[in-house]
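In: structure, please.
(one chain, ligands or ions: 2)
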Amino acid sequence: MKVGITGGIGAGKSAVCKYVEVLGYPVYYADDRAKEIIVAHQTVRARIIALLGQEAYTSEGYNRAWVSRQVFSSPEKLAKLNSIVHPAVKEDFSLWASAQTAPIIFKEAAIMLEQSAAERNVDVVVAVMAPRAERLIRIQQRDPQRSASEIQKIIDRQMPEAQMTALADVIINNGDHDALIPQINDLIAHLSKSVGKLI
Ligand SMILES: CC(C)(COP(=O)(O)OP(=O)(O)OC[C@H]1O[C@@H](n2cnc3c(N)ncnc32)[C@H](O)[C@@H]1O)[C@@H](O)C(=O)NCCC(=O)NCCS
Ligand SMILES: Nc1ncnc2c1ncn2[C@@H]1O[C@H](COP(=O)(O)OP(=O)(O)OP(=O)(O)O)[C@@H](O)[C@H]1O
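Out: Ligands and ions are numbered 1, 2, ... in the order given. Purely as a prediction, here's the structure:
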C-alpha cells in the first residue's frame, strides 16, 4: 500500500515521516528527490533555464533561493515549474516504489492533493495540519533566513486548509496540544489492518 503524506509549509510532514521511518517503513521524500532531479536530469534542467533563465543554476548547482523568489511571487511560473518537475518525480517515485518490499510505503510531498490520482500514484492521502500561527513560528525557528512575509507568501501559494481537509482521506493534527505519535500509531494500525500484516 502506498501512503501519501502532504501538508503546507511547517505543518509537520517531515516530523511524521521521520517517525514512520523509525518504525521501519520506507519513505520517499519527493521534495528532496525533486531537487536532485532538478540538478541531474538534463531535459528538466534545460526546460527550467528556458522558463526562468540561467540564474536558476549557479556553478554550485540549483539556485534555490533565487528560484524560490521567482516562483512564490508568480502562480504562473510556479505552475510551469511544477509541470516540468513533477512528471520526472512521478517516474522516479514509480521506480523506487516498485523496488520496495515493505507492505506499506510512504511518499512525502508538498504537492499531492492538487494532482490527479494517476499523477500522485498513492492509495491513501494523509494531510498533516497545524494552525498557521504555529507553522509560522516553527518555520521562523527552523529557517531563520526566511522573513515572516516570505513564509506568508508561501502559505498563500499553497492549497487552503479547508480544501485540504475536504480532499484528504486522513487528517493528522499537529497543533500545539495534539499528540502526534498516538495519531501516527493509530494510522499505522488502521493501514496494517487493510493490508493484512504488520511490517
Ligand atoms: C519552489 C522551491 C524553489 C522553493 O525552495 P525553498 O528553498 O524556498 O523552499 P523549500 O524547498 O524548503 O520549500 C518551502 C515550502 O514550499 C513547499 N514547496 C516546494 N515546492 C513546491 C511547489 N512546487 N509548490 C508549492 N509548494 C512547494 C515545500 O514543501 C515547503 O513546504 C523548491 O522547493 C523547488 O524547486 N521545488 C520544485 C520541486 C517540487 O515541485 N517539489 C514539490 C513536490 S514534488
Ligand atoms: N508538534 C510539534 N511541536 C513542535 N515543533 C514541531 C512539531 N512538529 C514539527 N515541529 C517542528 O516544526 C518545524 C517544521 O516541521 P517539519 O519540517 O516536519 O514540517 P514540514 O511540513 O515537513 O515542512 P516543509 O514543508 O517546510 O518541509 C521543524 O523544525 C519541526 O521540528
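In: return the residues of this protein in contact with ligand 1.
Out: Counting by CB under 6 Å from any ligand atom, the positions of the chain adjacent to ligand 1 are 9, 30-31, 34, 38, 64, 67-68, 71, 78, 81-82, 85-86, 89, 109-111, 154, 157-158. Glycine gets a C-beta too; all of them are placed from N, C-alpha and C.
In: just the ones of those residues in helices?
Out: Of the positions in the residues of the chain next to ligand 1, 30-31, 34, 38, 64, 67-68, 71, 78, 81-82, 85-86, 89, 154, 157 sit in helices, assigned by DSSP state H.
In: which of those count as buried?
Out: Using 16 or more other CB atoms under 10 Å as the burial test, these include 30, 34, 38, 67, 71, 78, 81-82, 85-86, 89, 154 as buried.
In: the residues you listed: which two are farthest apart?
Out: Using CB to CB, these reach their maximum pairwise distance at 89 and 154, which is 19.1 Å.
In: which of the ones in helices among the residues of the chain next to ligand 1 lies closest to ligand 2?
Out: For these, the closest approach to ligand 2 (CB to the nearest ligand atom) belongs to residue 31, at 6.3 Å.
In: for the closest one, give me its contacts.
Out: Going by CB atoms under 8 Å, 6 or more residues apart in numbering, residue 31 touches 108-110.
In: so of the residues you listed, which ones are in strands?
Out: Residues of the contacts of residue 31 located in strands (DSSP state E): residue 108.
In: quick check: PyMOL command selecting the buried ones in the contacts of residue 31.
Out: Selection of buried members from the contacts of residue 31 for PyMOL, criterion 16+ other CB under 10 Å:
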select buried, resi 108+109+110
